[in-house]
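**Student:** fold the following for me, if possible:
(one chain, ligands or ions: 2)
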Amino acid sequence: MNPLMAPEAVYVGHATTALSVNINKVALLRNTRHLGIPSVLRAAEQVLQAGAQGITVHPRPDERHIRGTDVHELAAMLKRDWPAVEYNIEGNPLHNLMEFVRMVRPHQATFVPDTVGQFTSDHGWVLPADAAVLKPLIDECHALGVRVSLFMDPLPEAMALVRELGADRVELYTETYASAMGTPDEQAVRAQFAATARAALAAGLGVNAGHDLNRENLTPFLREVPGVAEVSIGHALIADALEMGYAQTTREYLRCIHAAQGPATA
Ligand SMILES: CC(=O)[C@@H](O)[C@H](O)COP(=O)(O)O
Ligand SMILES: NCC(=O)COP(=O)(O)O
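**Tutor:** Ligands and ions are numbered 1, 2, ... in the order given. Below is the predicted model:
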């Protein structure tokens with residue numbers, strides 16, 4: 001069986017939170033010349049060799065960073081050399097995401113309600129308003145053997161609606177948490193994410209998280225927010241890798257994840 005077609009079956013689960021590295025920003029730098037460097041395939045290989053458990057891409061319709069060719073080349077490389085690694089493709093299923101899902105059949109498709117040309121993702125789906133358009137696309141992903149995660153704001157009351165739609169996971173949009181770090185709101189915002197994760201788990205959903213997570217905010221987030229199966233991290237991780245290299249940076253983020261399981265230090 002094509003391992004990319006069996007979402008939960010071949011995914012090597014981890015007792016701890018899995019790190020999926022988003023390599024958009026490697027492609028962004030590559031696209032400023034016609035030389036093919038830095039290589040997104042080489043970036044993926046190096047973070048995986050250092051212990052990352054997944055690769056995330058968010059191919060935007062304008063191809064400002066990840067291009068369609070990258071999506072397919074990564075799929076071929078992961079299938080050939082890293083069959084147990086999770087491939088997560090993010091995007092708007094009403095724009096270009098479904099064409100990739102149909103051809104590549106990644107382990108996971110993360111539906112994100114971005115507009116075409118959007119600067120970066122900045123909000124989750126609105127339920128029940130978006131339910132009617134999402135339902136057939138979720139069903140199609142399932143028929144293709146692809147797990148579906150919905151990008152959502154931290155709203156506990158929305159989690160049961162996500163489950164009713166048939167999605168498998170939510171990805172909690174963490175920018176509001178990242179920007180609250182170090183402010184008087186930090187604890188309350190983190191508590192809101194924890195309450196949302198508890199509601200998601202109670203509804204039978206898996207919980208992912210991402211956007212602006214970094215080495216400072218990751219450990220306190222995972223310490224307090226229960227049951228996070230996966231974090232997808234790109235911008236800060238690739239920025240760190242410019243200074244420390246892919247391997248050391250990946251190990252640092254894995255250390256932040258593991259630190260969340262140990263006792264808190266002052
Ligand atoms: C859904 C999400 O939060 C990320 O995929 C983020 O939007 C990355 O996209 P950019 O790298 O284009 O900012
Ligand atoms: N799903 C979030 C993601 O893939 C990376 O977001 P960011 O770390 O680039 O903000």
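**Student:** quick one: contacts for the residue in the stretch 151-266 of the chain that ligand 1 sits nearest to?
**Tutor:** In the stretch 151-266 of the chain, the residue that lies nearest ligand 1 is residue 211 (3.7 Å; Cβ to the nearest ligand atom). (Glycine included, C-beta is placed from N, CA and C.) By Cβ atoms under 8 Å, 6 or more residues apart in numbering, the residues touching residue 211 are 120-121, 173-175, 178.
**Student:** same thing with residue 17?
**Tutor:** 222, 228-231, 257, 260.
**Student:** and it, how far from residue 187?
**Tutor:** Separation of residue 17 from residue 187 (Cβ to Cβ, to the nearest Å): 21 Å.
**Student:** what does residue 50 give?
**Tutor:** Residue 50 is 32 Å from residue 187, by Cβ to Cβ.
**Student:** repeat for residue 262
**Tutor:** For residue 262, the distance to residue 187 - Cβ to Cβ - is 20 Å.
**Student:** neighbour count: the two, which is higher?
**Tutor:** Remark: of residue 262 and residue 187, residue 187 carries more neighbours, 12 against 9, as counted by other Cβ atoms under 10 Å.
**Student:** and the contacts of residue 211 near ligand 1, which?
**Tutor:** When Cβ under 6 Å from any ligand atom is applied, the members of these adjacent to ligand 1 are 120-121.
**Student:** which of the contacts of residue 211 fall in strands?
**Tutor:** Among these, DSSP state E puts residue 173 in strands.
**Student:** which of the contacts of residue 211 are buried, as a ChimeraX select command?
**Tutor:** Only the buried members of the contacts of residue 211 enter the following ChimeraX selection, criterion being 16 or more other Cβ atoms under 10 Å:
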select :121,173,174,175,178
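**Student:** show me what from the stretch 101-250 of the chain comes close to ligand 1.
**Tutor:** Near ligand 1, when you scan the stretch 101-250 of the chain using Cβ under 6 Å from any ligand atom, you find 112, 120-121, 151, 210-211, 234.
**Student:** and residue 73, how many neighbours?
**Tutor:** Neighbours around residue 73, by other Cβ under 10 Å: 15.
**Student:** am I right that it sits in a helix?
**Tutor:** Yes. Looking at residue 73 with DSSP: H, G, I helix; E, B strand; the rest coil, it is inside a helix.
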